[in-house]
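Novice: got a predicted structure here, sequence first:
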Amino acid sequence: MPTTRETILTALHARLSELPATALRGDVMPERVPPDGLLILRDGDPGEPEVTLSPLAYHYQHRAEIEAVVQGTDRDATLDNLCASVGTAIAADRTLGGFCDWIEAEAPRPVDLPVEGAISLKAGAISVVLHFTSTSPLT
């Protein structure tokens, strides 16, 4: 049985997979960026939970990251549209089907990635905060 954390990350990846861009999880950057863009979900850091007793519960604000990558002549607009589509997908269901308490994305940090002999890539790192509660740090 998957942990709460894994269930939430899987649900987030499934939500991203519904977008036109190719969505990967934890993979390395492929040699080619698809025309609709690329999203790579990084599992991130669960951080230190707040703990309540009676009943014992661990309240996390897990920080995952989505790398949005585009390539082409209109990279700025394409990246902006891709990041906006991620925001729309997250806003459509802030609990990821009831698996987490709340999900919130932060503004993307843009990065230009030069590629030797090709049109450079434009990327944005989108931090996503996943709020959830678990009965153990290992579940």
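Specialist: Everything's here; your move.
Novice: all helices for the chain, in order.
Specialist: With helices called from DSSP state H, the chain shows them at 4-17, 75-92.
Novice: who are the packing partners of the longest one?
Specialist: Spelled out, that is helix 75-92. Judged by 3 or more CB pairs under 8 Å, 6 or more residues apart in numbering; DSSP states H and E, helix 75-92 is in contact with helix 4-17, strand 57-71, strand 102-105, strand 121-134. From N, CA and C alone the C-beta is placed, and that goes for glycine too.
Novice: confirm for me that V69 is in contact with L38.
Specialist: Yes: if you go by CB atoms under 8 Å, V69 and L38 touch, sitting 4.4 Å apart.
Novice: returning to what we had before: most tightly packed of the helices of the chain?
Specialist: helix 4-17 (a mean of 19; mean count of other CB atoms under 10 Å).
Novice: then that helix to CSV, C-alphas only?
Specialist: C-alpha atoms of helix 4-17 as CSV (Å, rounded to 0.1, in the frame of the first residue of the first chain):
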residue,chain,number,x,y,z
THR,A,4,0.2,9.2,1.9
ARG,A,5,3.1,11.1,0.3
GLU,A,6,3.4,8.8,-2.6
THR,A,7,-0.3,8.7,-3.2
ILE,A,8,-0.4,12.6,-3.3
LEU,A,9,2.6,12.8,-5.6
THR,A,10,1.1,10.2,-7.9
ALA,A,11,-2.2,12.1,-8.0
LEU,A,12,-0.3,15.3,-8.8
HIS,A,13,1.6,13.6,-11.6
ALA,A,14,-1.7,12.3,-13.0
ARG,A,15,-3.2,15.8,-12.9
LEU,A,16,-0.1,17.1,-14.9
SER,A,17,-0.4,14.2,-17.3
